[in-house]
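> Provide a 3D model corresponding to the input given below.
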Amino acid sequence: MTVDGKYKSGKSERDENFPVASRIIASRHRAPILAFYRFARAADDAADHPTLDAQSKLSILDALEETLLGRSDAAADALALRDQVRLRNLNPQHALDLLKAFRQDVTKNRYNTWDELLDYCRYSAMPVGRFVLDVHGEPTSTWKHSDALCTALQIINHLQDCAKDYRNIDRVYVPLDELASHGASVRDLAGSKASPALRACLQTLAARTESLMPESALLPSSVADTRLAVETSVIVGLARKLIGLLKTRDPLSETVHLSKPYAAVIAARAAAATLAGRTFTRAAFTKSSRMMPHER
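Residues are numbered from 1 along each chain as shown. Next up, the predicted model:
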């Protein structure tokens, strides 16, 4: 999105840590998911704009909301999502929740506790998974698994980019009480290498993020759509690997991203395991349903 005629991040769905409406997803579902992603990308670009003042950023976010709700056509990046919401009879609340998170990014640049960070993720991350589930017609009972996964993905991103966020936009998602309890400070994020105290703090947060994965791992088996099950199993697999890197590497001085070839290997393994598991379950159910009552 060119939010002031000059700036846009240049980031697309292909540049994200995790698949966004990949070819695994059924083609009929890709348009609304991509429209949602591009709406979110535009809002993110506004909130993180390097030179705009806070009021200008909030005005852009307001324009996105007004356009999404059909009160204006001013924000081009909201038009496709508005069309998809109407066409598919989807709830726009997930996108509105995202805007709440981006408005918070404009006005809040520190988080005191882990619980504060989780509350932010309620609006910055959980709506994404919930929207995808709605697009696929999945029940709301799947939301709790998706919420855990989306929260883990968001915090992974925060830990990967902790130094960049501080240096570029003076935003710190690392909870201040965690920094203090390890004897670290916000200023440590400016270093070329993490201090031992900061390194211990980030490793503790990575471990806390890992505690979200058992709930997250239930998502693939809880959804009815096989393609979505495969997509989410790939994301779970990638998240686990990235958490492993964050537990052992310094994000200030070392690579904590997966190479595309390695990510592809992880994705292939996760997809194969999910497909095999669903095939086995389906075969077992079919066999059971054909058995006579006295044979069961």
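
> got any ranges where the stretch 1-150 of the chain has weak pLDDT?
Along the stretch 1-150 of the chain, segments meeting pLDDT under 70 span 1-21.

> go again using 80 as the cut-off
1-23 (pLDDT under 80).

> any chance you could map the helices in it?
For the stretch 1-150 of the chain, the helices defined by DSSP state H, counting those that start in this stretch cover 27-47, 54-68, 76-88, 93-107, 114-124, 126-135, 143-160.

> would you list the ones you listed in CSV and tack on mean neighbour count and distance to Leu242?
For glycine as for every other residue, the C-beta is placed from the backbone atoms N, C-alpha and C. Listed next are the helices of the stretch 1-150 of the chain as CSV, based on neighbours: other C-beta atoms under 10 Å; distance: least, C-beta to C-beta, whole Å:
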stretch, mean neighbour count, distance to Leu242
helix 27-47, 20, 19
helix 54-68, 18, 29
helix 76-88, 18, 28
helix 93-107, 19, 21
helix 114-124, 18, 16
helix 126-135, 24, 17
helix 143-160, 23, 5
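
> number of nearby residues for the closest residue to Leu117 other than its chain neighbours?
Closest residue to Leu117 apart from its sequence neighbours, by C-beta to C-beta, 6 or more residues apart in numbering: Tyr111 at 4.8 Å. Using other C-beta atoms under 10 Å, Tyr111 has 21 neighbouring residues.

> and Tyr111, what is it in contact with?
Applying C-beta atoms under 8 Å, 6 or more residues apart in numbering to Tyr111 gives the contacts Leu117, Tyr120, Val172, Tyr173, Val174, Pro175, Leu176.

> Would you check how far apart it and Ala267 are?
Separation of Tyr111 from Ala267 (C-beta to C-beta, to the nearest Å): 31 Å.

> quick revisit: any chance of the helices of the stretch 1-150 of the chain in a markdown table, plus distance to Tyr166?
A markdown table is the format used below for those (distance: least, C-beta to C-beta, whole Å):
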| stretch | distance to Tyr166 |
| --- | --- |
| helix 27-47 | 16 |
| helix 54-68 | 18 |
| helix 76-88 | 27 |
| helix 93-107 | 14 |
| helix 114-124 | 15 |
| helix 126-135 | 24 |
| helix 143-160 | 11 |
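
> Spatially nearest residue to Leu242 (excluding sequence neighbours)?
Ile156 (5.1 Å).

> And the pLDDT at that neighbour?
According to the prediction, Ile156 has pLDDT 97.

> is it true that it touches Lys241?
No - at 10.1 Å, Ile156 does not count as touching Lys241 under the criterion of C-beta atoms under 8 Å.

> Is Asp250 in a helix, a strand, or coil?
Under DSSP: H, G, I helix; E, B strand; the rest coil, Asp250 falls in the coil class.

> List the contacts of it.
Lys193, Ala194, Arg199, Leu202 are the contacts of Asp250 under C-beta under 8 Å, 6+ apart.
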